[in-house]
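# Mind folding the following:
(4 chains)
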There are 2 protein chains.
Amino acid sequence: MQQRDTRQRAAIKRAFAQAQRPLGPKEVLDLAGAEVPKLGIATVYRNIKSLLEQDELQAVEVPGGQTRYQIPRAERTHLFICQKTDRVYVIQPKLDELQLNLPDGYQLQEAQLICYGLGPEA
Amino acid sequence: MQQRDTRQRAAIKRAFAQAQRPLGPKEVLDLAGAEVPKLGIATVYRNIKSLLEQDELQAVEVPGGQTRYQIPRAERTHLFICQKTDRVYVIQPKLDELQLNLPDGYQLQEAQLICYGLGPEA
DNA sequence: TTAACTGCAAACCCTTTGCACGGTG
DNA sequence: CACCGTGCAAAGGGTTTGCAGTTAA
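Residues are numbered from 1 along each chain as shown, chains lettered A, B, ... in the order given. Okay, the predicted model is just below:
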């Protein structure tokens, strides 16, 4: 599945490369759309999908919000969600000696911390 | 805004009272629908909404999934999500000495832990 | 009786898909 | 020139709303 190098795809990749945080489809449309005027939301979704399949992007799921996407990170992504702007940021808490107290019958695979408050762009 | 005591509303409240975990609208429809055969999904949504407004229910937002609802809890709700059944459970980890390492410019309001693995009903 | 509630279907929002046109290689 | 990718519009899934009929009080 070869990929063609279109203006749209380039602008979308640039948006992710320049953003310092995970982006939702609409945010991508706004950022990339500034460079490619008639960019359609369907194109954004299709490019995100193909970038995901090629591991050039990674999904970042958010409680009660649309899925965001980012350039892949090795470690699990812990989040800080701005309650004012709704923007999502990645943080790196120390979860090492976390006491989970899971009841019997629960088998842990992984844990993620989600923080809420005001972010740097609030 | 007085509330009438309908079979539908009673069955929906019963579903939440009996469930040991947060429920999504479809789960409520299945549980309450067993008692009230022609129960419609719109009725479930409307009752959830009015129960939320009366603080008889609380929303539980989940990453990349539909919002679940539960009878309100005083403490912040930390979650365990079963990767097999998609069911959501409430857990009570010790987050006391958690080191957040938030960068400057971030103002923390609250933190929530979300665990993934296999739950008791998997 | 009568106003609130329900069920059905249509409306909405976000995401995906179909199709004809346009642009890359 | 052959196709893939794009834009537009329609189709899908989950949630909300409009409306006429039903039911609690």
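# quick one: contacts for residue A:102?
For residue A:102, the contacting residues are A:108, B:80, B:91, B:115, by C-beta atoms under 8 Å, 6 or more residues apart in numbering or on different chains. Using the backbone N, CA and C atoms, a C-beta is placed for each residue, glycine as well.
# What subset of those residues is buried?
By the neighbour-count criterion of 16 or more other C-beta atoms under 10 Å in any protein chain shown, the contacts of residue A:102 include these buried positions: B:80, B:91, B:115.
# my read: the last one touches residue A:110, true?
Yes. In terms of C-beta atoms under 8 Å, residue B:115 counts as a neighbour of residue A:110; the distance is 7.3 Å.
# about what we covered before: how about the buried ones among the contacts of residue A:102 in JSON lines, adding pLDDT?
Converted to JSON lines, those look like this (pLDDT from 0 to 100):
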{"residue": "B:80", "pLDDT": "97"}
{"residue": "B:91", "pLDDT": "95"}
{"residue": "B:115", "pLDDT": "96"}
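# Of the contacts of residue A:102, which is the nearest to DNA strand D?
Closest to DNA strand D out of the contacts of residue A:102 is residue B:80 (20.2 Å), distances taken as C-beta to the nearest atom of the strand.
# So which elements touch the helix or strand harbouring that closest one?
Element membership for residue B:80, per DSSP states H and E: strand B:78-82. For strand B:78-82, the helices and strands in contact under the criterion 3 or more C-beta pairs under 8 Å, 6 or more residues apart in numbering or on different chains; DSSP states H and E are strand B:88-91, strand B:107-118.
# Quickly check the contacts of residue A:102 for the two that are furthest apart.
By the measure C-beta to C-beta, A:108 and B:91 form the most distant pair in those, at 9.9 Å.
# Near DNA strand C, which residues of chain A are found?
For chain A, the residues in contact with DNA strand C under the definition C-beta under 7 Å from any atom of the strand are A:4-7, A:24-26, A:41-42, A:45-46, A:49, A:66-67.
# Put the buried members of those into a ChimeraX selection.
Here is the ChimeraX selection string for the buried members of the residues of chain A next to DNA strand C, based on 16+ other C-beta under 10 Å:
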select /A:24,25
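# Turn the residues of chain A next to DNA strand C into JSON lines, including pLDDT.
Putting the residues of chain A next to DNA strand C into JSON lines (pLDDT from 0 to 100) gives the following:
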{"residue": "A:4", "pLDDT": "88"}
{"residue": "A:5", "pLDDT": "91"}
{"residue": "A:6", "pLDDT": "96"}
{"residue": "A:7", "pLDDT": "97"}
{"residue": "A:24", "pLDDT": "98"}
{"residue": "A:25", "pLDDT": "97"}
{"residue": "A:26", "pLDDT": "97"}
{"residue": "A:41", "pLDDT": "97"}
{"residue": "A:42", "pLDDT": "97"}
{"residue": "A:45", "pLDDT": "98"}
{"residue": "A:46", "pLDDT": "98"}
{"residue": "A:49", "pLDDT": "97"}
{"residue": "A:66", "pLDDT": "95"}
{"residue": "A:67", "pLDDT": "97"}
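# Thanks a lot, catch you later.
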